[in-house]
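In: Provided below are the primary sequence and the corresponding predicted coordinates.
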Amino acid sequence: LHAFCHAHDVLHAHRGKVIYATSPAQVEWLEGTFSRSKEWGIEGIEILPRNRLRAVEPSLNALAGLYFPNEAIVDPGQFVDCVAAQARGREVEIRLNTLVRSIKLSPDEVRIATSTGTVRASHLVNAAGLNAVSIAHSGGVAREITPFHLPARYHLIKDVKINGTIHPVPDAAHPFLGVHVDRLIHGMIRLGPVLNMTGLRCSHVKGIVKLARNPTFLKVALLEIQRVAKSKVSSHELESLIEGYSKTKIMQTMTALSPQIIQDNAIANDLLLYRGVASVHCLNLVSPAFTGCFSLARRCTTILGLT
């Protein structure tokens, strides 16, 4: 991805990333992840104690951090426009503002009925983001998976010194919680996603019913509703974590959906690839899928036998 952006003048920058720990148990997680990362050949990473961590991220109050100095960010709009231009140069047709109404999969042909006409192809790669599960279902694939998109908020904040990307130690039991702070490609500081459980709607009733069978989710949901109702609790946590932050530093708030899928009555926290008839369906495409999009594309073509 870095080589592509450099070759095609797509705006990108090396800013580094820190996964922070606020408890001894989380420090142990950092140590385990550090060892595995070294085994996988990730270069330059190190565990920084509090004093060295402040040299990298002066506003972060944490016990320690796993530092990835080679992490980079990119202008996503420029990147997508560049990839689209490359595709059109290879006679790829891109249809915008097109609704997929149904798909029919067979070994001989894939037929996709859309709002702008019928598309026929030999293979289908479904990477439709929020709508990927619905499209997979229309092709008879991944029927046991249920989409469940959680409402969230992002804040743009001012007057806080952040150099790169700051993420919490992930919690497998609560994959959608945690304070993320990023310095965006044009210099703005973004905080989020802040889960807004009180904004839940019954647009996915089946998902809500499935999750209601999961006591862990119910516990977290009730806790988050309480946190939102008592916004000072969440604000105090952020103020203790990010030096200089307060609610008065919020310049703009944006709403979004945090895409989730339910598998075995629990929220899945990893990318899932499903093979269908003449098709591959990419479900739960969270942000790492953008970073690894070229590798993911190669994987999909390999699954379809096209390489």
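Out: It's in.
In: and the helix or strand residue 88 falls within, which residues are buried?
Out: Per DSSP states H and E, residue 88 falls inside helix 76-89. By neighbour count with 16 or more other C-beta atoms under 10 Å, helix 76-89 contains the buried residues 78-79, 82. Placement of C-beta: from N, CA and C, glycine included.
In: then stretch 248-256 to CSV, C-alphas only?
Out: Extracted C-alpha coordinates of stretch 248-256, given in CSV (Å, rounded to 0.1, in the frame of the first residue of the first chain):
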residue,chain,number,x,y,z
THR,A,248,-15.0,21.9,25.6
LYS,A,249,-12.3,20.8,23.1
ILE,A,250,-14.9,19.1,20.8
MET,A,251,-15.2,21.1,17.6
GLN,A,252,-17.5,18.8,15.6
THR,A,253,-19.4,15.6,16.2
MET,A,254,-20.2,13.1,13.5
THR,A,255,-22.5,10.1,13.6
ALA,A,256,-21.8,6.9,11.9
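In: Begin at 63, not 1, for the rest of this chat.
Out: New numbering, starting at 63: the last item is stretch 310-318.
In: Go through that stretch and flag the buried ones.
Out: Result for stretch 310-318 [16+ other C-beta under 10 Å]: buried residues residue 311.
In: repeat for stretch 86-106
Out: Here stretch 86-106 shows 88-89, 91-92, 95-96 as buried, counting by 16+ other C-beta under 10 Å.
In: got it, and stretch 106-121?
Out: 107, 109-110, 115-116, 118-119, 121.
In: nearest to residue 315, of these?
Out: Nearest to residue 315 out of these is residue 121 (C-beta to C-beta; 20.3 Å).
In: So that closest one sits against residue 219, correct?
Out: No. Using C-beta atoms under 8 Å, residue 121 is not in contact with residue 219; the gap is 10.7 Å.
In: Between these two, which contacts overlap?
Out: Shared contacts of residue 121 and residue 219, defined by C-beta atoms under 8 Å, 6 or more residues apart in numbering, comprise residue 307.
In: All the helices of this structure, residue numbers only.
Out: Secondary structure of the chain (DSSP state H): helices at 64-69, 86-101, 112-118, 138-151, 194-200, 267-274, 277-291, 293-303, 350-353, 355-365.
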